[in-house]
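Undergrad: When you get a sec, could you give me coordinates for this:
(2 chains)
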Amino acid sequence: MKKFLYEILLFTLLIFICACCLDFFLSYRLRQNQNRMYAAWNQMYNDSTCYDLVINGSSRAWTQYDPLILDSILDLTSFNLGIDGSAINRQITKYNKYCELHGNPKYLIQNIDLWTMSYTMGYEREQFFSYFFYDRDLLKEYDYYENFSWGEKYLPCYRYLGYDDVITEALFHDNKGHFFEYLTNGYFSRVEEWDGSVLYAMDSVIVATDTNAVNLFIDFLQEETGNGVKIIFVYAPIYIGAREKMLNEEEMFAMYDSIAEKFDIPILDYNDIPMCYDTTYFYNATHLNRLGAELFTTKLAHDIDSLGLSK
Amino acid sequence: MLFNSFEYLIFLPIVFLLYWFVFDYAISKCKHQLLWQNLFVVIASYIFYGWWDWRFLILIAITTLLSFLSGIGIEYAPTKCSKKAVMIANVVINLGILGVYKYYDFFAREFAELFGIESDFLLLHLILPVGISFYTFQALSYSIDVYRKQIQPTHDIVAFTAFLSFFPQLVAGPIERATNLLPQFQKKRTFDYAQAVDGMRQILWGLFKKIVVADNCAVYVDQVFGDIGAHSGSTLLLAAVLFTFQIYGDFSGYSDIAIGTAKLFGIKLMRNFNVPYFSRDIAEFWRRWHISLTTWFRDYVYIPLGGSRPNIPEAIRLKGDKAIEARYTKWIAVRNTFIIFLLSGFWHGANWTFVLWGAYHALLFVPLLLMGKNRRYRDTVATVTLPDGTVKAKWLPSLKEAGLMLLTFALAVVGWIIFRAENIGQVGEIVSTILSGSILNVPMLISQYYYIPLFVVIIVMLLFEWFTRNRLHGLEITNVPYRWIRWSIYMLIILALFFSIKTETPQFIYFQF
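TA: Prediction:
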């Protein structure tokens, strides 16, 4: 019996060592990956530049603000922190991680919309896999919302179990993934034409604002304004068809107005500019394509410049 | 609790350690060691089974109590007739419970359809308790064996409950015989190192077949069979072939895990699969596929019905015509063959497709029976028996053997199409699509990252099984000289498991039966 248990222990130890090596290998490979959601993190982690301006928000920040255009017009360096499918909780955590790695920016463009003031939980949680096991601060931040299991947090490789697409991505896709050419300083430009299916599938939108999320956002603004970061709120363009389905837009405007007033934050509103009426500039009802994003960012940069917000 | 779940990964080591250490030590000075050891098995088994739904425990407890009492009843019944009555009563009640849970709604629906009436008010919508077909048959075998005096009735209800609810084989077999399993619960088990190590190997091999082979095949099979009309004949044929491996990996994988787990607790269960896809005809296939069920039907249905050597009725015997007697014997053998294949099909579930599957196999089997060739291949393919009685396996089969294996495999694939289809109409649709011109199309292949590893693991499974075909399981590699080679093989299998585990733990196919 002793011999049997000894062998089992030895074999378990061997499995543990192999699992550690495999975990390190898979995580390393994913940290080199330039595909979509991984790249949004990897570009931030694998770069130590201290940028002057960062753009924070969801996919509507990620795909709509081109940092290179902002750089060229405002004579600054900028980085897009947009994160797909994320509400304010994820956005703030990513911003905090950015500050830890790169230092505080001088300017922060915060993209705001109807979906910002809520919580994201569980969506594409595999984007954190390559980092959180080694970055316990990140784990601590996200665990509150993502509810990682004990095994995911403490056992090597366990979090990859069942995610065969992630493993395939790590094993077989190198850092020249097809998204690579579209990712610049965190910005993901979508070279796509209008797809009306999202608009067609959209019901009337009434997004309930989460009070806790609003408080979280206010705390965040308090801290960042205290750190001397100049914040600008931006309503990025939304296709008019989608806007017509948003039933509590006025409520949203009032809420952001009151927050902006409290912290003396300027709001730039692009919800009703001409491009919002033309599907040429959108790839779906709520996201600009590359053409639209370039036009919008150019306009935004000129507006920031003319209003002297970047001085 | 599923064998391939995280819960089981925790449950098994805890039960193992408690069984051999904590509990065994605690009772070492106790007078009733065996009783406590069996009681622990019962508690662990009931926790395991109750994990699905605690209400299932009531049914298994009823079956246990009835069968236990029937054994004692048969023992004390004064006449042969009353003994038979007790046995029949137990069989009827147990089959009645099984029938109500498994078949009632099916027959009610068929009845309603036949007479054109609304079926809703007739249906009971009962949840089928996991493993009910398996433990019911095990319980039946006990009372029949007691009646036949093949085993002494036990008076130890704890040992009997352990026999009927032993968790490794409770939900999907092997369907054990009281003659094999019950005596093992009637003496205290002691730890056997070699047996435990072999058990671990067998569990690992079972997990490989289930998680790596079966669950990966299921990805393609479920996609294709989920929308038959959208796929070409070649895709359907590939899905049917993959289902052939899926069901084998799934069920024999389960059996390997069950047998391996039992070995950890010092219990030897009967073999349930013996490389069935290396069979040279359908009769051999059925001697190697789901052995515990096949032999159950043979012993408790086929032979009591007269088997292939029935008693000749006096009216025929008196005529003295040997030709008529031979014809009668053959007719009874054919009838009995059809009965057990149809019953075996229907045992799998309340659907005409299972009956058709049974009939299809009966049709393949009967010609062999009539030609007297059904017991032609009783040895393992490509093996020679040396003068000293040892069996030596050849590296490769002969061309004829390979051809026969391929033909039997193809026949099995057709059978599995019937088995997998949701209804008889779908069987026709699948077969006609396969036989259409679209069989020449390139089959749908999901992704190179899917099908290349899948074909590799199927080939690996077949190679392991081929080279261990006269052993008890595919990972019985004690002849590999160096430990580091063996351990490397185990590690590679664990790596394959890691890459194959799904976020949602897939069920075992046979749990639904």
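Undergrad: Return the distance of B:Glu113 relative to B:Val86.
TA: When distance is defined by Cβ to Cβ, to the nearest Å, B:Glu113 is 38 Å away from B:Val86. The C-beta positions use only the backbone N, C-alpha and C, and glycine is treated the same way.
Undergrad: more crowded one of those two?
TA: Set side by side, B:Glu113 and B:Val86 give different neighbour counts by other Cβ atoms under 10 Å in any protein chain shown, the larger being at B:Val86 (21 against 10).
Undergrad: how about the nearest residue to that one, chain neighbours excluded?
TA: Counting by Cβ to Cβ, 6 or more residues apart in numbering or on different chains, B:Gly73 is the residue found nearest to B:Val86 once chain neighbours are left out, at 4.1 Å.
Undergrad: Can you name the residue of the stretch 101-250 of chain A nearest chain B?
TA: A:Gly162 (3.4 Å; Cβ to the nearest Cβ).
Undergrad: So what does the nearest residue to that residue once chain neighbours are set aside have for phi and psi?
TA: In space, A:Gly162 comes closest to B:Thr503 once its chain neighbours are excluded; the distance is 3.4 Å by Cβ to Cβ, 6+ apart. B:Thr503 has phi and psi values of phi -60, psi -40 when expressed as degrees, to the nearest 10.
Undergrad: How many residues are close by B:Thr503?
TA: 8.
Undergrad: wait, isn't it in contact with A:Val166?
TA: No: counting by Cβ atoms under 8 Å, B:Thr503 sits too far from A:Val166 to count as a contact (10.6 Å).
Undergrad: on that earlier part again, and the residue nearest to B:Val86, how far is that from chain A?
TA: 41 Å (Cβ to the nearest Cβ, to the nearest Å).
Undergrad: per-residue pLDDT, the residue of the stretch 401-513 of chain B found nearest chain A?
TA: For the stretch 401-513 of chain B, the residue closest to chain A is B:Thr503, as judged by Cβ to the nearest Cβ, at 3.4 Å. On the pLDDT scale, B:Thr503 is placed at 70.
Undergrad: same thing with B:Gln37?
TA: As predicted, B:Gln37 sits at a pLDDT of 88.
Undergrad: correct me, but it touches B:Gln186?
TA: No: counting by Cβ under 8 Å, B:Gln37 does not reach B:Gln186; the two are 11.0 Å apart.
Undergrad: Those two: which is more packed in?
TA: The residue with more neighbours, out of B:Gln37 and B:Gln186 and counting by other Cβ under 10 Å, is B:Gln37; that gives 24 against 16.
Undergrad: Flag the shaky bits of chain A, pLDDT-wise.
TA: Low-confidence segments of chain A, defined by pLDDT under 70, are located at A:174-181, A:310-311.
Undergrad: Strands of that one, start to end?
TA: Counting by DSSP state E, one finds strands in chain A at the ranges A:53-56, A:78-80, A:107-111, A:183-184, A:187-188, A:230-235, A:267-269, A:282-284, A:287-288.
Undergrad: got a list of what the residue nearest to the spatial centre of chain A touches?
TA: For chain A, the residue nearest the mean C-alpha position is A:Ile83 (1.4 Å; Cα atoms, centre = their mean). Contacts for A:Ile83 (Cβ atoms under 8 Å, 6 or more residues apart in numbering or on different chains) come out as A:40, A:57-59, A:61-62, A:90-91, A:94.
Undergrad: now it: how far from A:Glu146?
TA: For A:Ile83, the distance to A:Glu146 (Cβ to Cβ) stands at 13 Å.
Undergrad: picking up where we left off before, what is the residue of the stretch 101-250 of chain A closest to chain B paired to in the beta sheet?
TA: Beta-bridge pairing for A:Gly162 (DSSP bridges): B:Lys502.
Undergrad: is it true that it touches B:Phe499?
TA: No: under the contact definition of Cβ under 8 Å, A:Gly162 does not touch B:Phe499, with a separation of 10.2 Å.
Undergrad: can you give me the mean pLDDT across stretch B:164-176?
TA: 89.
Undergrad: what's the span of that stretch from first residue to last?
TA: Using Cα to Cα, to the nearest Å, the end-to-end distance of stretch B:164-176 comes out at 9 Å.
Undergrad: next one: stretch A:112-124
TA: Between the opening and closing residues of stretch A:112-124 there is a gap of 21 Å (Cα to Cα).
Undergrad: Can you confirm whether it lies near chain B?
TA: No: in terms of Cβ under 8 Å from any Cβ of the partner chain, no part of stretch A:112-124 sits within range of chain B; the closest distance is 12.0 Å.
Undergrad: which parts of that stretch are buried?
TA: Using 16 or more other Cβ atoms under 10 Å in any protein chain shown as the burial criterion, the residues of stretch A:112-124 that qualify are A:112-118, A:120.
Undergrad: Report the central residue of chain B.
TA: Within chain B, the residue whose C-alpha comes closest to the C-alpha centroid is B:His290; the distance, by Cα atoms, centre = their mean, is 3.9 Å.
Undergrad: Which parts of chain B belong to which domain?
TA: Chain B breaks down into these domains under automatic domain parsing: B:6-189, B:201-236+B:243-280+B:379-400+B:438-513.
Undergrad: Please identify which of the ones you listed is closest to A:Ile238.
TA: Ranking the domains of chain B by their distance to A:Ile238 (criterion: Cβ to Cβ) puts domain B:201-236+B:243-280+B:379-400+B:438-513 first, at 33.9 Å.
Undergrad: How far does that closest one sit from its chain's centre?
TA: Counting by Cα atoms, centre = their mean, to the nearest Å, domain B:201-236+B:243-280+B:379-400+B:438-513 is centred 15 Å from the centre of its parent chain.
Undergrad: before we move on, what about stretch A:10-24?
TA: Relative to the centre of its chain, stretch A:10-24 is centred 33 Å away, using Cα atoms, centre = their mean.
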